[in-house]
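A.B. asks: sequence first, then the predicted structure, then my questions.
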Amino acid sequence: MSVRVIISGGGTGGHIFPAISIANELKKRVKDIDILFVGAKGRMEMEKVPKAGYSIKGLNISGLQRSWKDARNIWFPFKLISSLFKSYWIIKKYKPSIVLGTGGYASGPLLFVASKLSVPALIQEQNSYPGITNKLLSKSVQKICVSYDKMERFFPKSKLMKLGNPVRQDLLNSADKKTEAVKHFNLDSSRKTILVVGGSLGARTINHSIAELVQQFEEKNIQLIWQTGLSYESDAKDLCQSLSNVQAHAFIYNMDLAYSA
């Protein structure tokens, strides 16, 4: 009988790619395994997970907005109830041996329902300061895998396992890809290259800082690969139009090559 695993994590690359890394490693280590992903409809995981070769189900869930006056919060209770019911039917139909969450909107309903159905569940927390979803789920799951010390500030100490962060295999093997990286990004191998990444959705402070300095990269003959996030891509590309050594990307799919460049 095959091992059946449901993995849920998304919203940002920081949740998605560790989840995919875990899935890939499980496939390597477990001969007979079936893996299903559960994400949030309309979020990044619904695109990235199928590209990695896995099936994914979507929940109609979103987070609470920070301002209680935000009209979108009106729909949150209805989306949550809908997602709890769908999580129930996914688990009942799929019959997982274990459910694993890496954070993000969809992890909440899925892992909560799994715990109520007595399905073993665990959290993989990548950050030194966990998000609200994982904090709430920590009361329900059996184990919490972390990467930093002193995480008992946020989670029950008896549940903690310090295992480090999952890393994609292509990143581990990136050191010998310099030539491929130079070709992929159309770089000059004789010039220094700087990679700036503010996370998969971008980082406003980093983007604004680079925007103020972007002309200096041209003056100092330094090449820049800049992952901006989708919301800042247009502004960044406008800034870079006249700069031959600066390139802006909403998202870098070949991050192994970016690190190698």
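C.D. replies: That came through fine.
A.B. asks: which strands or helices does the helix or strand harbouring Ser82 pack on?
C.D. replies: Following DSSP states H and E, one finds Ser82 within helix 76-94. Counting contacts by 3 or more CB pairs under 8 Å, 6 or more residues apart in numbering; DSSP states H and E, helix 76-94 is packed against strand 3-9, strand 33-40, strand 55-59, helix 107-116. For glycine as for every other residue, the C-beta is placed from the backbone atoms N, C-alpha and C.
A.B. asks: run through who's touching that helix.
C.D. replies: With contact meaning CB atoms under 8 Å, 6 or more residues apart in numbering, helix 76-94 is reached by 4, 6, 36, 38, 57, 59-62, 64, 99, 106, 108-110, 112-114, 117, 119.
A.B. asks: same check, this time on stretch 16-28
C.D. replies: Against stretch 16-28 from outside (CB under 8 Å, 6+ apart): 5, 7-10, 33, 35, 37, 44-45, 48-49, 52, 54, 100, 102, 104, 124, 126, 165-169, 200.
A.B. asks: what average pLDDT does it get?
C.D. replies: Across stretch 16-28, pLDDT averages out at 93.
A.B. asks: now do the buried residues in it.
C.D. replies: Ile16, Phe17, Pro18, Ala19, Ile20, Ser21, Ile22, Ala23, Asn24 (16 or more other CB atoms under 10 Å).
A.B. asks: again with stretch 136-155
C.D. replies: Within stretch 136-155, the residues scored as buried using 16+ other CB under 10 Å are Leu137, Ser138, Val141, Lys143, Ile144, Cys145, Val146, Ser147, Met151, Phe154, Phe155.
A.B. asks: just the element for the last one, please.
C.D. replies: Under DSSP H and E, no helix or strand contains Phe155.
A.B. asks: quick one: contacts for Tyr54?
C.D. replies: Residues in contact with Tyr54 (CB under 8 Å, 6+ apart) are Ile20, Ala23, Ile35, Leu36, Phe37.
A.B. asks: which one of those residues is nearest Asn245?
C.D. replies: Closest approach to Asn245 among the contacts of Tyr54 (CB to CB): Ile20, at 32.1 Å.
A.B. asks: any idea of the angle the helix or strand harbouring the closest one forms with strand 33-40?
C.D. replies: Element membership of Ile20 [criterion: DSSP H and E] is helix 13-29. With axes from the mean of the first three to the mean of the last three CA atoms, to 10 degrees defining the directions, helix 13-29 sits at 170 degrees from strand 33-40.
A.B. asks: how near is Ser244 to Asn254?
C.D. replies: Distance, Ser244 to Asn254, by CB to CB, to the nearest Å: 21 Å.
A.B. asks: typed the wrong thing, it's Gly101
C.D. replies: Relative to Asn254, and taking CB to CB, Gly101 is found at 27 Å.
A.B. asks: who has more neighbours, these two?
C.D. replies: Gly101 (29 against 16; other CB atoms under 10 Å).
A.B. asks: number of residues surrounding Asn165?
C.D. replies: What Asn165 shows, counting by other CB under 10 Å, is a neighbour count of 15.
A.B. asks: isn't there a strand covering it?
C.D. replies: No - under DSSP: H, G, I helix; E, B strand; the rest coil, Asn165 sits outside any strand and is assigned coil.
A.B. asks: check contacts around it.
C.D. replies: If you count contacts by CB under 8 Å, 6+ apart, Asn165 has them with Pro18, Gln126, Ser147.
A.B. asks: would TSV of those with distance to Asp176 be doable?
C.D. replies: As requested, the contacts of Asn165 are exported to TSV (distance: CB to CB, whole Å):
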residue	distance to Asp176
Pro18	24
Gln126	26
Ser147	26
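A.B. asks: of these, which is the nearest to His249?
C.D. replies: Using CB to CB, those come closest to His249 at Pro18, 21.1 Å.
A.B. asks: how much space separates that closest one from Gly10?
C.D. replies: Relative to Gly10, and taking CB to CB, Pro18 is found at 11 Å.
A.B. asks: quick one on the thing from earlier: and the contacts of helix 76-94, which are buried?
C.D. replies: 4, 6, 36, 38, 57, 59, 61-62, 99, 106, 108-110, 112-114, 119.
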